[in-house]
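K.L.:
got a predicted structure plus its sequence, pasted below:
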Amino acid sequence: MSHTPKKVFVEGPISPQFVADSIAKHQSKTSIGAHNIFLGQIRADEKEGGQVTGIEYTAYPEMAESVFHQIREAAFGKFELTCMHIYHSLGVVPTGEISLFVFVSSPHRRATFEALEFIVEEIKAKVPIFGKELIGEKGEFAWKENR
Amino acid sequence: MSHTPKKVFVEGPISPQFVADSIAKHQSKTSIGAHNIFLGQIRADEKEGGQVTGIEYTAYPEMAESVFHQIREAAFGKFELTCMHIYHSLGVVPTGEISLFVFVSSPHRRATFEALEFIVEEIKAKVPIFGKELIGEKGEFAWKENR
Amino acid sequence: MTLSILYFGMIAEATGQPLETWTSLDALTVGDLKNDILKKYPVLRDRKFQVAVNQQILDDAFPIPPSAEVALLPPFAGG
Amino acid sequence: MTLSILYFGMIAEATGQPLETWTSLDALTVGDLKNDILKKYPVLRDRKFQVAVNQQILDDAFPIPPSAEVALLPPFAGG
């Protein structure tokens, strides 16, 4: 099974309206019984030097798109999915805003739970995306690292 | 830990816009790092007598609200959650539309995966909600049963 | 004792009513009441249901308190 | 051999540039190239990174093909 690579990166935060529009587009697919959505939101963590005000994301875009495509193919192979969409921000995403949107749909709920967790963990571990946490008001920053 | 019982039942389908508005309301809560959303959508299954055109939901409302409250309390006790919202439709929900919306938020993603699956399975197994699948154009129906 | 009995979904469809008042001279367990209801509505014999007493699902051995609200619940279909 | 080397995130911050062309008279493994880069940029000795060759993460023993695109990738932070 092979799927066309899709555009994942968007500039800046992902809006709740964008999520709503994605959901609405799937209402004509009447074999779907379950949707599962993961959203990553920027936390205002306290750091030395102040509070996190946002994260500036950069990526190795060609490799990232290729790894996203491998993750998509692996998920379609492992789980009974009707649809899968992944969006990730580049550039600055302020605290409280959304930087990752993963959306899976299936006839049955089990597949959506397993697939969503698999995809999110794979993204965190394997996609070359880098994050600079912007701290306080004086231009300080720290490099983020996934665990 | 005790939380005020919240209104779960809504009349008719749950709109994508309602989901978007719920997400937007959580953007001021900057301790949240992860949201996880489950949506149940009505499938156009093929049955003897035709295609499912919708499900008509009824409930034992007082008991249902009490069981929803117990599920909320259990989930807050088991998982590190910042917020939890559950909405379920009553009345007719046409195919392609959403009848269940579960929304959990936490500082960290792990808690949201575990909590969301727990809550959805508990709802399916324990809440006295009944569903009449409306079939074809001649007024036929069949009673739905969760597995 | 006088009980309120609620019927839901396919059970209400079979009994033809969502609610009735049930009077019994004797104290009843859940199992006793089920037998009496099945006598009145033989069509329920091949329907699956659970019994809730005052909104708690209970098994046959449980004695029903006076004035209880009893509900016959067909399989759940939420979600 | 002539390689393109890409630096990202905290690695690019340390090298002061996102990209350079790297010429070597000898064939190099990933480990050889890492040693040469660490000689040029000692500040990288205490930074964590992985090496991707033509967009594949590879370990030290792997021989680098001519004209490869090599990337030094600091810890990932997607999500």
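P.N.:
Looks like it came in fine. Numbers count the residues shown, from 1 in each chain, chains lettered A, B, ... in the order given.

K.L.:
contacts, neighbours, all on C-alpha from now
P.N.:
Fine.

K.L.:
quick check: pLDDT value at residue 13.
P.N.:
Answering for chain A, as no chain was given. pLDDT for A:P13: 98.

K.L.:
actually chain C
P.N.:
So C:E13 comes in at 96 (pLDDT).

K.L.:
where's it relative to chain D, distance?
P.N.:
50 Å (CA to the nearest CA, to the nearest Å).

K.L.:
list the buried residues in the helix or strand hosting that residue.
P.N.:
Secondary structure assignment for C:E13, by DSSP states H and E: helix C:9-15. Under the neighbour-count criterion of 16 or more other CA atoms under 10 Å in any protein chain shown, helix C:9-15 has C:G9, C:M10, C:I11, C:A12, C:A14, C:T15 buried.

K.L.:
want to throw these into JSON lines with distance to chain B?
P.N.:
Formatted as JSON lines, the buried residues of helix C:9-15 follow (distance: CA to the nearest CA, whole Å):
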{"residue": "C:G9", "distance to chain B": "6"}
{"residue": "C:M10", "distance to chain B": "7"}
{"residue": "C:I11", "distance to chain B": "10"}
{"residue": "C:A12", "distance to chain B": "11"}
{"residue": "C:A14", "distance to chain B": "12"}
{"residue": "C:T15", "distance to chain B": "15"}
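
K.L.:
next, the closest residue to A:E133 other than its chain neighbours: phi, psi?
P.N.:
Distances taken as CA to CA, 6 or more residues apart in numbering or on different chains put A:I55 closest to A:E133, at 4.5 Å, once the chain neighbours are dropped. The phi/psi pair for A:I55 (degrees, to the nearest 10) reads phi -130, psi 140.

K.L.:
show the pLDDT at residue 2.
P.N.:
Because you didn't say which chain, this covers chain A. Per-residue pLDDT puts A:S2 at 58.

K.L.:
right idea, wrong chain: chain C
P.N.:
95.

K.L.:
contacts only, for C:D26.
P.N.:
C:M1 (CA atoms under 8 Å, 6 or more residues apart in numbering or on different chains).

K.L.:
the one 4 residues further on too?
P.N.:
Applying CA under 8 Å, 6+ apart, one finds that C:V30 lies in contact with C:V51, C:L58, C:D59, C:D60, C:A61, C:F62, C:P63, C:I64.

K.L.:
please apply the same query to A:E62.
P.N.:
D:Q55.

K.L.:
with C:F8 instead?
P.N.:
C:F8 neighbours (CA under 8 Å, 6+ apart): B:A59, B:Y60, B:F130, C:P18, C:A71, C:L72, C:L73, C:P74.

K.L.:
the residue nearest to A:E133 against A:K132, yeah?
P.N.:
Yes. Between A:I55 and A:K132 a contact is recorded at 5.4 Å, counting by CA atoms under 8 Å.

K.L.:
more neighbours: those two, which one.
P.N.:
The neighbour comparison of A:I55 against A:K132 (other CA atoms under 10 Å in any protein chain shown) goes to A:I55, with 29 against 21.

K.L.:
of the buried residues of helix C:9-15, closest to chain D?
P.N.:
C:G9 (44.3 Å; CA to the nearest CA).

K.L.:
center of the chain - which residue?
P.N.:
Since you didn't name a chain, this refers to chain A. A:L100 (2.8 Å; CA atoms, centre = their mean).

K.L.:
right idea, wrong chain: chain C
P.N.:
In chain C, the C-alpha nearest the mean C-alpha coordinate belongs to C:L72, at 4.1 Å (CA atoms, centre = their mean).

K.L.:
whatever helix or strand it lives in: partners in the sheet, and parallel or antiparallel?
P.N.:
Using DSSP H and E, C:L72 falls within strand C:69-73. Here strand C:69-73 is paired, per DSSP bridges, with strand C:2-7 (parallel), strand C:50-53 (antiparallel).

K.L.:
for A:K6, find the nearest of these.
P.N.:
strand C:50-53 (49.0 Å; CA to CA).

K.L.:
what's the first helix or strand after the closest one?
P.N.:
strand C:56-57.

K.L.:
how far does that next one sit from its chain's centre?
P.N.:
11 Å (CA atoms, centre = their mean, to the nearest Å).

K.L.:
tilt between the strand or helix carrying A:V120 and helix B:109-126?
P.N.:
Counting by DSSP H and E, the element that carries A:V120 is helix A:109-126. Interaxial angle, helix A:109-126 versus helix B:109-126 (axes from the mean of the first three to the mean of the last three CA atoms, to 10 degrees): 180 degrees.

K.L.:
determine the set of other helices and strands touching helix A:109-126.
P.N.:
strand A:34-41, helix A:61-78, strand A:98-106, helix B:109-126 (3 or more CA pairs under 8 Å, 6 or more residues apart in numbering or on different chains; DSSP states H and E).

K.L.:
could you dump the contacts of C:V30 into CSV and include distance to B:E114, neighbour count and pLDDT?
P.N.:
As requested, the contacts of C:V30 are exported to CSV (distance: CA to CA, whole Å; neighbours: other CA atoms under 10 Å in any protein chain shown; pLDDT from 0 to 100):
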residue, distance to B:E114, neighbour count, pLDDT
C:V51, 31, 22, 98
C:L58, 29, 16, 97
C:D59, 31, 14, 96
C:D60, 34, 14, 97
C:A61, 36, 11, 97
C:F62, 35, 13, 97
C:P63, 38, 16, 97
C:I64, 38, 22, 98
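
K.L.:
in chain A, what spans have low per-residue confidence?
P.N.:
For chain A, the stretches flagged by pLDDT under 70 are A:1-5.

K.L.:
one more time with 80, if that's ok
P.N.:
A:1-6 (pLDDT under 80).

K.L.:
contact residues of it facing chain B?
P.N.:
In this structure, chain A approaches chain B at residues A:16-17, A:19-21, A:23-24, A:26-45, A:95-97, A:107, A:113, A:117, judged by CA under 8 Å from any CA of the partner chain.

K.L.:
that older thread, neighbouring contacts of the helix holding C:E13?
P.N.:
B:58, B:130-132, B:143, C:7, C:18, C:41, C:43-44, C:47, C:49, C:72-74.

K.L.:
how does it look with 10 Å?
P.N.:
Contact partners of helix C:9-15, identified using CA atoms under 10 Å, 6 or more residues apart in numbering or on different chains, comprise B:57-60, B:128-132, B:142-144, C:6-8, C:16-19, C:37, C:40-44, C:47-49, C:72-76.

K.L.:
could you check how far it is from the centre of its chain?
P.N.:
On CA atoms, centre = their mean, the centre of helix C:9-15 falls 11 Å from the chain's centre.

K.L.:
about what we covered before: give the residues shared as contacts by A:I55 and A:K132.
P.N.:
Residues touching both A:I55 and A:K132 (CA under 10 Å, 6+ apart) are A:G91, A:V92, A:F141, A:A142, A:W143, A:K144, D:A77.
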